[in-house]
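Fold the following, please.
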Amino acid sequence: MEEESPNGPDLVLTLDPRTRVLTAALAYDSRFPTINAMWLRNCIVTAGYDTLRIRPDAIKGLIAQYNAGRTVPPIDIADTVDGSLEISLSRDGLTARLTIFPPRGGNAVTRAMLLDELNAKGITEGILVAEINRAISTGEARDLVIAHGREPVPGEDGSLECLLPDTRDRVPNIRPSGRTDYRDLGDILVVRAGDALMRRHPPTPGVEGLNVLGRPIAPQPGKDARFAAGLRGVSVSPDDADLLIATHDGQPVRVRGGMVVEPVLTLKSVNMATGNVNFDGNVKILNDVTAGMSVRATGDIEVGGVVEPATLEAGGSIVVKGGVVGGLGGKAAGKDLSAHGIRCGGSFSATYAQQARIDAGDSIFIDDVAMQCQLTAAHHVRVGNHRRGHIVGGLIRASLSVRARVIGSASRVRTELEIGSNPALALTLQQKAEERDQKENQLLEIGKLLTLADRNPGRVPPEVVARAEQTAATLTAEIGGLRNEEADLRFRLDLAQQARVDAEREMHDGVTITLGEQKLRISQEVGPSTVRLAEWGLGVFPLAEDKGLG
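Residues are numbered from 1 along each chain as shown. Reported below is the predicted structural model:
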């Protein structure tokens, strides 16, 4: 096919049907001494060849020859190009993507061409027919997903299921809201030898996936959950390797990686006749603890009666069914009783407390009244559940919240509350960060050794490489655990900045509240209210019933 150009020298364009190459011939005409690329482009468009792929260098050469006053013999200036396609696979083989390159004067990509390419690449699974049809009809596609395999489903991690109700838990647990439910810590639960305590559920293998080539993809199996080594008072059942049973009578306590059974010592009372008590396990006292005595236990302590000015120390929780009468500022038989106090690693619960010093690693719950006490809790202090719920005088410290029905008294008794401070928590966070830094430095050095071994085969003995890889895996796991612990500690410190004091009924003049460097003195009686940090400092707000402790 030949075409001539208007408004200029005679340009003859010829498309060879065999080679599908467009040639141009141009006789020099002195009436048109020069031409330019725009004129030539218009000629090509007018002739209907604008979709062909132009050869830029050939166009430049043609213009240069003509402008030099020479006739230009036939020269190839453009090519007919059929449409083409490209199918790429993702690295994991789960996805196939299509890109269509449109034709330049040639034939468009057809559905048959695309299916042939899929077949050539072995893509047989998860083909998206609708997407393919849409791409063919529009003639356009750029990284279009046209096949998607079936992703593997990771296995579920193994778990340890407690088979007992209301088991004491020695693993700290704070809700995301920072709230803690008021609870009676209750009686010591006792199990007998042979009782089932905990069941291990194995991990699941997951569900196999399938890539677009029809090849299976192995799933990530769940992580195994194992009973920790050295659990006291328990063993794996000889008939069931996934069942943990008690080996002797005692109190079951849930710990990380399982459960322990702690022995229980039961006494009618603790007095001069029994002497002081120091027991590795749990202590249950049916009646009272008299003045001047001490009871120390690695587990929990339960007292059925009253605790007079005495010392109680427990690694777990302490429950006093009666009340606590402390010795702050008091003497008996010429002895200073103020040195006596109560300390526990878990929570403390009592009906009432008077002139008592109580420190709890978790929270303090007093049902009736706390009068002239020194109470310190790592999390919450709650006074009042079924009874009056009065805090009168003394010093109350809690990292997250203090809540009572009435705080202070009409007689303006000095009552001090400190919230939000937990130096021990900040110190622990610093120690964990330092420990992690040390392990990361160790891992870095081991990484250098493994890199050297990888780049220089045979230079490092295989046994050294194996030990290094094992150590690296152990360090990586330990670093991950420390990061999780740091995140938990930071979360708890952040919660402390949201610390609050809640008075459900009223708060009296004479109450002073401190949060860090902020201090607020209540100068007149206020009704149901909350004291918390605001932009300007500590402020008093109407009590939000949906906040604080339940």
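
how far away is Thr351 from Gly345?
22 Å (CB to CB, to the nearest Å). C-beta: built from backbone N, CA, C; applies to glycine.

of the two, who's got more company?
Gly345 (20 against 17; other CB atoms under 10 Å).

The nearest residue to that one once chain neighbours are set aside: how many residues sit nearby?
Using CB to CB, 6 or more residues apart in numbering and skipping residues adjacent in sequence, the residue nearest Gly345 is Gly361, 4.2 Å away. Counted with other CB under 10 Å, residues neighbouring Gly361 total 20.

got the phi/psi numbers for Gly361?
phi -70, psi -10 (degrees, to the nearest 10).

Tell me the spacing between it and Asn385.
21 Å.

again with Ala78
Where Asn385 is concerned, Ala78 sits at a distance of 91 Å (CB to CB).

More neighbours: those two, which one.
Neighbours per residue (other CB under 10 Å) separate Ala78 from Asn385, with Ala78 holding more: 24 against 16.

I'd guessed the more buried one sits against Thr51; true?
No - under the criterion of CB atoms under 8 Å, Ala78 makes no contact with Thr51, lying 9.4 Å away.

what residues do those two have in common as contacts?
The contact sets of Ala78 and Thr51 overlap at Gly105 (CB atoms under 8 Å, 6 or more residues apart in numbering).

partner residues bridging Cys344?
Ala314, Ala360 (DSSP bridges).

Surely it and Glu313 touch.
Yes - shown here, Cys344 and Glu313 form a contact pair, counting by CB under 8 Å, at 7.2 Å.

So the residue nearest to Gly345 sits against Phe348, correct?
No - the pair Gly361 / Phe348 is not scored as a contact, 9.4 Å apart, by CB under 8 Å.

what's downstream of the helix ranked longest in the chain, the next helix or strand?
Determined from DSSP state H, the single longest helix within the chain is helix 462-496. Next along the chain after helix 462-496, taking DSSP states H and E as the criterion, comes strand 500-507.

and that following strand, what does it pack onto?
strand 401-407, strand 415-419, strand 529-534 (3 or more CB pairs under 8 Å, 6 or more residues apart in numbering; DSSP states H and E).

just those strands: most buried one?
strand 401-407 (a mean of 25; mean count of other CB atoms under 10 Å).

about what we covered before: just list the residues touching the residue nearest to Gly345, thanks.
Cys344, Gly345, Gly346, Ala378 are the contacts of Gly361 under CB under 8 Å, 6+ apart.

returning to what we had before: now find how far off-centre the longest helix of the chain is within its chain.
15 Å (CA atoms, centre = their mean, to the nearest Å).

could you give the mean pLDDT of it?
Across helix 462-496, the average pLDDT comes to 83.

Between strand 415-419 and it, find me the angle.
Per axes from the mean of the first three to the mean of the last three CA atoms, to 10 degrees, the angle that helix 462-496 makes with strand 415-419 is 140 degrees.

Kindly report the domain assignment for the protein.
Split into domains by automatic domain parsing, the chain comes to 2-79, 84-148, 151-262, 265-422+498-542, 424-496.

if you compare those domains, which one is most tucked away?
It is domain 265-422+498-542: most buried of the domains of the chain by mean count of other CB under 10 Å, with a mean of 20.

related to what we said a few turns ago, mind putting the contacts of Gly361 into TSV with distance to Ala196?
Output for these, formatted as TSV (distance: CB to CB, whole Å):
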residue	distance to Ala196
Cys344	29
Gly345	27
Gly346	25
Ala378	33
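
Next, give phi and psi for the residue nearest to Val413 when sequence neighbours are not counted.
Of all residues not flanking Val413 in the chain, Gly393 sits nearest, at 4.4 Å (CB to CB, 6+ apart). Per-residue torsions, Gly393: phi 70, psi 180 (degrees, to the nearest 10).

and of the helices and strands packed on strand 500-507, who's closest to Glu140?
Nearest to Glu140 among these is strand 529-534 (58.0 Å), distances taken as CB to CB.

quick one on the thing from earlier: now do the longest helix of the chain and strand 401-407, the angle between them.
Using the same axes, to 10 degrees: helix 462-496 against strand 401-407 is 20 degrees.

now for helix 462-496, which elements pack on it?
helix 423-455.

Quick one: mean pLDDT for the helix it packs on?
84.

Check which element follows the helix or strand bottoming out on mean pLDDT in the chain along the chain.
Across the helices and strands of the chain, mean pLDDT, DSSP states H and E gives its lowest value to strand 2-4, namely a mean of 47. Downstream of strand 2-4, the next assigned helix or strand under DSSP H and E is strand 11-15.

Work out the gap between that next one and the centre of the chain.
70 Å.

quick one on the thing from earlier: closest one to Arg505 among the helices and strands packed on strand 500-507?
strand 401-407 (4.7 Å).

Quick check: Ala120 vs Ile87, distance?
Taking CB to CB, one finds Ala120 at 9 Å from Ile87.

And for Ile35?
Separation of Ile35 from Ile87 (CB to CB): 44 Å.

what do you get for Asp116?
The value you get for Asp116 to Ile87, if CB to CB is used, is 11 Å.

on that earlier part again, want to throw the helices and strands packed on strand 500-507 into TSV with mean pLDDT?
Formatted as TSV, the helices and strands packed on strand 500-507 follow (pLDDT from 0 to 100):
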stretch	mean pLDDT
strand 401-407	93
strand 415-419	91
strand 529-534	86
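
Figure out which of these is closest to Pro154.
strand 401-407 (38.6 Å).

Point out where this protein drops to low pLDDT.
1-6, 166-188, 329-337, 421-426, 493-497, 544-550 (pLDDT under 70).

mind listing the helices for it?
Under DSSP H, the chain gives helices at 37-46, 56-67, 111-121, 129-138, 423-455, 462-496.

by contact count, what packs against the third one?
Contacts defined by 3+ CB pairs under 8 Å, 6+ apart place helix 111-121 against strand 84-89, strand 95-101, helix 129-138, strand 141-148.

Adding distance to Ile44, write those out as CSV.
Below are the helices and strands packed on helix 111-121 laid out as CSV (distance: least, CB to CB, whole Å):
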stretch, distance to Ile44
strand 84-89, 23
strand 95-101, 21
helix 129-138, 26
strand 141-148, 27
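
Out of these, which is closest to Arg483?
strand 95-101 (32.1 Å).

Who are the packing partners of the closest one?
strand 84-89, helix 111-121, helix 129-138, strand 141-148.

and the last one with helix 111-121, angle?
Direction vectors for strand 141-148 and helix 111-121, defined by the same axes, to 10 degrees, enclose an angle of 60 degrees.

Likewise for the third one?
The directions of helix 129-138 and helix 111-121 differ by 130 degrees, with the same axes, to 10 degrees as the criterion.

helices and strands around helix 129-138, which ones?
Partner elements for helix 129-138 (3+ CB pairs under 8 Å, 6+ apart): strand 95-101, helix 111-121, strand 141-148.

what comes into contact with that helix?
For helix 129-138, with CB under 8 Å, 6+ apart as the criterion, the contacting residues are Leu98, Ile100, Val109, Thr110, Arg111, Leu114, Ala141, Leu144, Val145, Ile146.
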